[in-house]
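Engineer: Please work out how this folds:
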Amino acid sequence: MSAPSHTKAFWLDALRREGAAFRAAIDPDRLSEPVPPCPEWTVRDLVGHLGSVYLRQRAHLIRGVTSKPEAPWPTPPEGDAALLTWWDEAYQQMVASLQEVEPDLPAWNWTVQPPKAIFWHRRMAHETAIHRWDAQVSVGLPEPLDTALAVDGVDEVLDSWLPAGRRKGPTDRTGVVRLEASDAEARWAVRIRANGVTLLDTDSWFSDEPDAQAAAIGTASDLDLVLYGRVPLTVLTLQGDAELVNALRTG
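Structural biologist: Just a heads-up that it's a prediction; the model follows:
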């Protein structure tokens, strides 16, 4: 697996942008509305979840160690006004901590990536972007994910989520899948095995053009949202065994 290629500044900029867009999509008078991409949640639940994520993961970050933490998940407050104030504070604390911390400092994470703080710069940017999209769907105005961020989001699913065993697609398929972003110079080749996945070297793979059992082409945003289970496979142009593409889902 290759290491993430972006910088602290890239992910902080994304987190600030996506956090502001998330907050703008939250109508204080519509917190009981459903969130279609998360069928069991209301907007209130979505706000509570993301605020809890910020506080929980910030606690990992500021410990400065690589051992797994045992602290419980934070509980959102009762009352809508208190909830939104709590979210605002949790978000600002997360941004401030990520701004302050050096990327190479020790920090626990749950993946195969090195246990360094930069993991959380990346993870919080993507967590916020996906839930921004969720929030916008709840008010009927979803905007695509930023192309560069979505390309990195596909990378993160393939180099972090799936190798960590967080695969939610079917597990009875094996073979090679090719993914290609139609709006960016980005493509991936993934070998799916019964016990995991391997991200292949796309430079050598695509130059030789060997056969793959499945392929999917779409915008970077659509590819990322498919892997997170937010939109159906049918938004992509598919070839071969579509269930092999589905096997890459982490949501």
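Engineer: my guess is residue 15 meets residue 122, correct?
Structural biologist: No. If you go by CB atoms under 8 Å, residue 15 and residue 122 don't touch, sitting 9.5 Å apart. Heads up, the C-betas are built off the backbone N, CA and C, glycines and all.
Engineer: Do me a favour and average the pLDDT over stretch 116-134.
Structural biologist: Along stretch 116-134, the predicted confidence averages to a pLDDT of 98.
Engineer: Now do the strands in the stretch 151-251 of the chain.
Structural biologist: Taking DSSP state E, counting those that start in this stretch, the strands of the stretch 151-251 of the chain run over residues 175-181, 186-193, 196-199, 214-218, 237-240.
Engineer: For residue 115, which of those is the nearest?
Structural biologist: Taking CB to CB as the criterion, residue 115 comes closest to strand 196-199 out of the strands of the stretch 151-251 of the chain, the separation being 19.9 Å.
Engineer: Could you list every helix and strand in contact with the closest one?
Structural biologist: Taking 3 or more CB pairs under 8 Å, 6 or more residues apart in numbering; DSSP states H and E as contact, the helices and strands that strand 196-199 lies on are strand 186-193.
Engineer: Which residues does stretch 220-234 contact?
Structural biologist: Contacting residues not belonging to stretch 220-234 are listed as 37, 130, 133-134, 144-148, 150-151, 153-154, 157, 168, 179, 181, 183-184, 186, 216, 218, 235-236, 242, 245-246, 248-251 [CB atoms under 8 Å, 6 or more residues apart in numbering].
Engineer: Now do that stretch: distance from first to last residue.
Structural biologist: Taking CA to CA, to the nearest Å, stretch 220-234 runs 15 Å from one end to the other.
Engineer: in it, what's buried?
Structural biologist: For stretch 220-234, a neighbour-count test (16 or more other CB atoms under 10 Å) marks 220, 221, 222, 223, 224, 225, 226, 227, 228, 229, 230, 231 as buried.
Engineer: now these in a markdown table, with pLDDT and distance to residue 19?
Structural biologist: A markdown table is the format used below for the buried residues of stretch 220-234 (pLDDT from 0 to 100; distance: CB to CB, whole Å):
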| residue | pLDDT | distance to residue 19 |
| --- | --- | --- |
| 220 | 98 | 20 |
| 221 | 98 | 18 |
| 222 | 98 | 23 |
| 223 | 98 | 23 |
| 224 | 98 | 18 |
| 225 | 98 | 19 |
| 226 | 98 | 24 |
| 227 | 98 | 22 |
| 228 | 97 | 18 |
| 229 | 96 | 22 |
| 230 | 97 | 18 |
| 231 | 97 | 22 |
